[in-house]
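Q: coords please:
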Amino acid sequence: MNNLINFLTAGILAAAPLLFGVLGELLTEKSGNLNLGVEGMMFMGGIAGIVGPYYYEKAGGTNPYVALVIALVCALVCAGLGALVFSVLTITLRANQNVTGLALTMFGTGFGNYFGEAIGHADPSGFLSVSASVKSLFNSPVFPAPLVNLPVVGKLLFSHNFMVYLAVILAIILAYFLGRTRTGLNLRSVGESPATADAAGISVTKYRYLATIIGGAMTGLGGLYLVMNAGAGVGGAWVHNCINGYGWLAVALVIFAVWSPTRALWCSLIFGGLACMRYYYPISFIPASIYDIVPYIVTAVVLVFVSLKHSRSNQPPESLGLSYFREER
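A: This next block holds a predicted model:
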């Protein structure tokens, strides 16, 4: 029983960065933009999120809560800037979205690895890392010990760091926003039929810009989580290629979740569990490397089955990946 609880807890920790990525890409795709640069934006959010508090502490800052806020702001802004560049190229200049997204992934990966290693090598310790007090804020439970120590439910529900709960809250907010608010419905109409939305007085350009930039910033939080969290990432230090394909999984899980924020929550939990299964339920004759690729194999299988279903509810936004030319309306 304890092993099962530990496995489920680890799965939740591994699911949080996926959920940030899925929600950010889902919001972007609801506007009709297909941004394949999630991996790159997670790298950008991760490196900016650790460099910010690192230099704050190097400058003499000692308040871990200020460092935490700096980390969050830097991750959001840096990933959001990556999404802004994507938006300018694909919305204003009408560049191909697939090519631009792949270029953003390559840029973000190189950007994160270069600065992570360059700053780390310049440090006397030889690596880029934040203080133990900052690490603790990103890894300690939010709820008090009496709740954490409750049998079964304590560890499952109350033992997580604040970013896990932030990811869940964002999923709930996004589900409400897309399904219950006028702005959310306008955004969905832009993704389904930008010409119709434009004729109704809805600014297609504004909605696509905002959705893409905000969505990109949200994926940056996933990168920050992987860098700062010891359970699902490396725990407050930069490691080469630490994002490790989570951005690509997030892109695929948007399809698995059929563009639904609530389904994205459950899909992330499933794949988070698959990612850490080998640590709790190892099979002696299966190499560890096989366990590492299980989430990707399952992703490919799921995408095949989802693609075979022709239900309208399983289809992407009608204008996904297509540039809007107002003069052709």
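Q: What is the worst-scoring helix or strand of the chain on mean pLDDT packed up against?
A: Using mean pLDDT, DSSP states H and E, helix 288-308 stands out as the lowest-scoring helix or strand of the chain, at a mean of 78. In terms of contacts (3 or more CB pairs under 8 Å, 6 or more residues apart in numbering; DSSP states H and E), helix 288-308 is packed against helix 246-256, helix 261-275, helix 277-280. To be clear about C-beta, it is placed using only N, CA and C from the backbone, and glycine gets the same treatment.
Q: buried sites along it?
A: For helix 288-308, burial by neighbour count (16 or more other CB atoms under 10 Å) applies to 291, 295, 298-299, 302, 306.
Q: follow-up on the earlier one: which of the helices and strands packed on helix 288-308 comes out lowest on mean pLDDT?
A: Least confident of the helices and strands packed on helix 288-308, judged by mean pLDDT, is helix 277-280 with a mean of 83.
Q: Tabulate the helices and strands packed on helix 288-308 in a markdown table, adding columns for mean neighbour count and distance to Leu13.
A: What follows is the helices and strands packed on helix 288-308, written out as a markdown table (neighbours: other CB atoms under 10 Å; distance: least, CB to CB, whole Å):
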| stretch | mean neighbour count | distance to Leu13 |
| --- | --- | --- |
| helix 246-256 | 24 | 13 |
| helix 261-275 | 21 | 7 |
| helix 277-280 | 15 | 12 |
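Q: want to try TSV for the ones you listed, with distance to Ala79 as columns?
A: TSV is the format used below for the helices and strands packed on helix 288-308 (distance: least, CB to CB, whole Å):
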stretch	distance to Ala79
helix 246-256	11
helix 261-275	18
helix 277-280	29
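Q: that older thread, can you list contacts of the least confident helix or strand of the chain?
A: 245, 249, 252-253, 255-256, 258, 271, 274-275, 277-278, 282, 314 (CB atoms under 8 Å, 6 or more residues apart in numbering).
Q: out of the buried residues of helix 288-308, what pair is the most spread apart?
A: Greatest spatial distance in the buried residues of helix 288-308: Tyr291 and Val306, 23.7 Å, computed using CB to CB.
Q: Perfect, that will be all.
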